[in-house]
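K.L.:
Need coordinates for the below:
(one chain, ligands or ions: 1)
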Amino acid sequence: MPVLTRRWLQWPKLRTARARPSLGASAEGCPDIGFLADDDRHFELFAGWLHAQWSVPRGESLETRRLALRAQMRVDRLPVALTAYWQGSPAGIVSLRRHDLQTRLRVGPWLSALYVDEAMRGRGIGRALVDATLRLAAWLDHPEVWLFTTDRATFYEQLGWERMPPNPEERRQIPEPEVFRHPTGV
Ligand SMILES: CC(C)(COP(=O)(O)OP(=O)(O)OC[C@H]1O[C@@H](n2cnc3c(N)ncnc32)[C@H](O)[C@@H]1OP(=O)(O)O)[C@@H](O)C(=O)NCCC(=O)NCCS
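P.N.:
Predicted coordinates:
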């Protein structure tokens, strides 16, 4: 196929006409995963979780967090937020975004801000959100997804993510984050 035709077929606007990606099995004992853009009834709850987990330690406001999350209410273009519901209750959230680490701007997209409600941890919701993020990235034609973590390396290793060697630029960051990569199958 000529390169121009291929590029035209990949034009993001065409995705709006395409079926939504399958984000995971909807079965008993599994969370329901969907787009925040499709259901924002619990937007404030999700923003509150993310604010408490990551914004408060950095001294950032709830309003800044809300704005960032609102920008992720998309389906076919990054950044995108996915949400998990467990038996109808909001249970978790995750984002897929173009960049997340200043020292690794040439790779991506990045799985970011994965959060599961404390009361619902240990039921496979985190794993389901990670799987759904990989499916979304594949649907958006990204061959791999990256992430960094300062304290959850074991969690991602268990899920089959590849730990990447540190690069000299990253060593300037304290604490140095661990960087992981996972193919999407595209
Ligand atoms: C990390 C987090 C998303 C895990 O969510 P969860 O729904 O409890 O995870 P799951 O139930 O899907 O667990 C999947 C597997 O990882 C393991 N796991 C869960 N939390 C783990 C942790 N903190 N460290 C190591 N392994 C962990 C589970 O035992 C499970 O293994 P199994 O399949 O062999 O039983 C959740 O603890 C959380 O939101 N933490 C606060 C925010 C955070 O740290 N996010 C990650 C930022 S990098």
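K.L.:
any idea how far the spatially most central residue of the chain is from Glu176?
P.N.:
Centroid check for the chain by Cα atoms, centre = their mean gives Ser95 as the closest residue, at 2.9 Å. As for Ser95, its distance to Glu176 is 22 Å (criterion: Cβ to Cβ, to the nearest Å). Using the backbone N, CA and C atoms, a C-beta is placed for each residue, glycine as well.
K.L.:
Kindly report the same for Tyr156.
P.N.:
16 Å.
K.L.:
Same question for Asp131.
P.N.:
To Glu176, Asp131 is 27 Å away according to Cβ to Cβ.
K.L.:
ok, those two, which is more surrounded?
P.N.:
Using other Cβ atoms under 10 Å as the criterion, Asp131 and Glu176 rank with Asp131 on top: 16 against 12.
K.L.:
Tell me, how many residues neighbour the nearest residue to the more buried one once chain neighbours are set aside?
P.N.:
With sequence-adjacent residues excluded and distances taken as Cβ to Cβ, 6 or more residues apart in numbering, Asp131 is closest to Gly24, at 5.8 Å. Neighbour count for Gly24, taken as other Cβ under 10 Å: 19.
K.L.:
Around the ligand, pick out the residues from the chain.
P.N.:
53, 114-116, 121-127, 149, 152, 154-155, 158 (Cβ under 6 Å from any ligand atom).
K.L.:
Now the buried members of the residues you listed.
P.N.:
Buried members of the residues of the chain next to the ligand, counted by 16 or more other Cβ atoms under 10 Å: 114-116, 123-126, 149.
K.L.:
Can you tell me which of those lies closest to the ligand?
P.N.:
Checking those against the ligand by Cβ to the nearest ligand atom gives Gly126 as the nearest, at 2.5 Å.
K.L.:
With adjacent residues omitted, what lies nearest to that closest one?
P.N.:
Val116 (4.9 Å).
K.L.:
how near is that neighbour to Cys30?
P.N.:
In terms of Cβ to Cβ, Val116 sits 14 Å off from Cys30.
K.L.:
do Glu63 as well
P.N.:
34 Å.
K.L.:
tell me, which helix in this structure spans the most residues?
P.N.:
Taking DSSP state H as the criterion, the chain has its longest helix at helix 125-139.
K.L.:
what packs against that helix?
P.N.:
Judged by 3 or more Cβ pairs under 8 Å, 6 or more residues apart in numbering; DSSP states H and E, helix 125-139 is in contact with strand 32-35, strand 80-86, strand 89-97, strand 110-116, strand 144-149.
K.L.:
Noted, bye for now.
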